[in-house]
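Chemist: Coordinates only, no sequence provided:
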């Protein structure tokens, strides 16, 4: 049968979809990119933001074909999915090895629900073009008051180094991967359950033969500080992109304490200072939540101050979403208009900072790895993971370019000689 897969949310979710796709293919089912041609629809869902949840539930309600709903929403609030579509089958985050059975039953008109913990799924990597998403651990060591992901994923469970190394070698040597994306809910928590560390893992990955780059996923500030010296040393290797995604969430100590984030804003800011001291051109990313129920106007101003000082290249601004079963769900919410206003202000500042930083690189040369198609050409990444778009290129190829124009989030490049592609 033909199965259409739609993925919502983060890179980790995409890697889950990769795994489920592989399982379906191994059972002789065809993956189609056309929803209209599919026999069964598989939605891999996210529960982090209410806006995303509403889009998913609308899709669940308005899907007339046999439907399987997988992922975080199916795990944390299955009743919402059932209310939206009583015929939908469910596959939770802990039951992904049941996806084939769920899809086959859905096709036969039989509803099934799999949300029990079947253990840690096998690491089964897939190369998407020249990009391979490799999960290194699942779950989180924190207990943030606003987050539903912990409910969906549980505590830290790490793949052992040998499993990860074998997966990377397979994607590089057999799958032709050029960019390895290490993903988890918090890469800094890797190994807390088995006595290994992220820097140690990166050191072993760097020893793998092959021409490839590694992007390290989201890393919480407290773990950066815990691993700081060895982590920055590991990032010296040319195979590791100088890209750091450190979610701060707020610039106010008061709000950080209410969120139970486990660090002060001074400690979080020191992460970026230390990275800049070691790698001056590193690409910095962070996440910010505006409108947390206890966030005052003064707290919000402190967040804006942090954004100005940190000068991050990428900032994911989220309006606070009250998630069921979390401690923050019980708190009195701020007015929607005020939260919207704060979101617009923070987003405008983040865009301004991003554009200003990119302008500094106009006129400079860089070597980029072409990783995917873009709307107006091809997208490549510098050694720091800065995005450069060129008009003509070969995916998987390497180009020497001159960056000639800055945009929010990327630069435009031409061949280093000045001749446009």
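Modeler: Right, received. Where do you want to start? Owing to the predicted nature of the structure, the values given are computational and were not obtained by experimental measurement.
Chemist: okay but residue 210 is in contact with residue 172, surely?
Modeler: Yes. Residue 210 lies in contact with residue 172 (C-beta atoms under 8 Å); the separation is 4.2 Å. In this view, the C-beta of every residue, glycine as well, is placed from N, C-alpha and C.
Chemist: Just want to know which of those two has more residues nearby.
Modeler: The neighbour comparison of residue 210 against residue 172 (other C-beta atoms under 10 Å) goes to residue 172, with 19 against 14.
Chemist: separation between that one and residue 204?
Modeler: 14 Å (C-beta to C-beta, to the nearest Å).
Chemist: Ok, residue 402 next?
Modeler: Where residue 204 is concerned, residue 402 sits at a distance of 36 Å (C-beta to C-beta).
Chemist: And for residue 261?
Modeler: For residue 261, the distance to residue 204 - C-beta to C-beta - is 30 Å.
Chemist: Can you find the helix or strand of the chain with the lowest average pLDDT?
Modeler: Lowest by mean pLDDT, DSSP states H and E among the helices and strands of the chain is helix 149-153, with a mean of 83.
Chemist: What segments of this structure are helices?
Modeler: Taking DSSP state H to define them, one finds helices in the chain at 11-26, 50-61, 72-76, 78-84, 99-107, 149-153, 161-173, 198-206, 221-234, 253-259, 265-278, 297-310, 336-359.
Chemist: low-confidence ranges in the stretch 51-200 of the chain?
Modeler: Across the stretch 51-200 of the chain, nothing is flagged by pLDDT under 70.
Chemist: now with 90?
Modeler: Applying pLDDT under 90 to the stretch 51-200 of the chain picks out residues 51-52, 76-77, 94-97, 115-126, 128, 148-154.
Chemist: closest one to residue 38 among the helices of the chain?
Modeler: Nearest to residue 38 among the helices of the chain is helix 99-107 (10.2 Å), distances taken as C-beta to C-beta.
Chemist: the inter-axis angle of the closest one versus helix 11-26?
Modeler: For helix 99-107 against helix 11-26, the angle between stretch directions is 70 degrees (axes from the mean of the first three to the mean of the last three C-alpha atoms, to 10 degrees).
Chemist: What is helix 99-107 packed up against?
Modeler: When contacts are defined as 3 or more C-beta pairs under 8 Å, 6 or more residues apart in numbering; DSSP states H and E, helix 99-107 sits against helix 11-26, strand 40-45, strand 67-71, strand 89-91.
Chemist: quick one: contacts of that helix?
Modeler: Residues from elsewhere that reach helix 99-107, judged by C-beta atoms under 8 Å, 6 or more residues apart in numbering: 1, 3, 20, 23-24, 27, 29, 39-40, 42, 66-68, 70, 89-91, 111-112, 114.
Chemist: ok, 7 Å please
Modeler: 1, 3, 20, 23-24, 27, 29, 39-40, 42, 66-68, 70, 89, 91, 112, 114 (C-beta atoms under 7 Å, 6 or more residues apart in numbering).
Chemist: Stretch 270-280 too?
Modeler: 221, 224-225, 228, 232, 235, 242, 244, 246, 282, 284, 310.
Chemist: which one of the helices and strands packed on helix 99-107 lies closest to residue 386?
Modeler: Residue 386 lies closest to helix 11-26 among these, at 18.2 Å (C-beta to C-beta).
Chemist: what pLDDT, on average, does the closest one get?
Modeler: The pLDDT scores in helix 11-26 average 90.
Chemist: And stretch 305-317, how far out from the chain middle?
Modeler: 18 Å (C-alpha atoms, centre = their mean, to the nearest Å).
Chemist: now swap in stretch 297-312 and tell me
Modeler: The answer for stretch 297-312 is 23 Å, by C-alpha atoms, centre = their mean.
Chemist: gap between the nearest residue to residue 47 once chain neighbours are set aside and residue 149?
Modeler: Leaving aside its chain neighbours, residue 47 sits nearest to residue 72 (4.1 Å; criterion: C-beta to C-beta, 6 or more residues apart in numbering). For residue 72, the distance to residue 149 equals 7 Å [C-beta to C-beta].
Chemist: Let me see the contact set for residue 318.
Modeler: 49, 287, 289.
Chemist: Now do the domain split for this protein, please.
Modeler: Per automatic domain parsing, the structural domains of the chain span 2-114, 127-359, 365-415.
Chemist: between those, which gets nearest to residue 121?
Modeler: domain 2-114 (5.1 Å).
Chemist: ok, back up a step: let me know which of the helices and strands packed on helix 99-107 is the nearest to residue 336.
Modeler: The nearest among those, by C-beta to C-beta, is strand 40-45 at 24.1 Å.
Chemist: and the closest one, which residues are buried?
Modeler: Residues of strand 40-45 classed as buried by neighbour count (16 or more other C-beta atoms under 10 Å): 40-45.
Chemist: try stretch 406-414
Modeler: 406, 410-414.
Chemist: Of those residues, which is the nearest to residue 358?
Modeler: Of all the buried residues of stretch 406-414, residue 358 sits closest to residue 406, with 3.8 Å by C-beta to C-beta.
Chemist: my guess is that closest one contacts residue 355, does it?
Modeler: Yes. Under the criterion of C-beta atoms under 7 Å, residue 406 is in contact with residue 355, at a separation of 6.1 Å.
Chemist: burial count for the closest residue to residue 376 other than its chain neighbours?
Modeler: Distances taken as C-beta to C-beta, 6+ apart place residue 389 nearest to residue 376, at 6.5 Å, with adjacent residues excluded. Neighbours of residue 389 under the rule other C-beta under 10 Å: 22.
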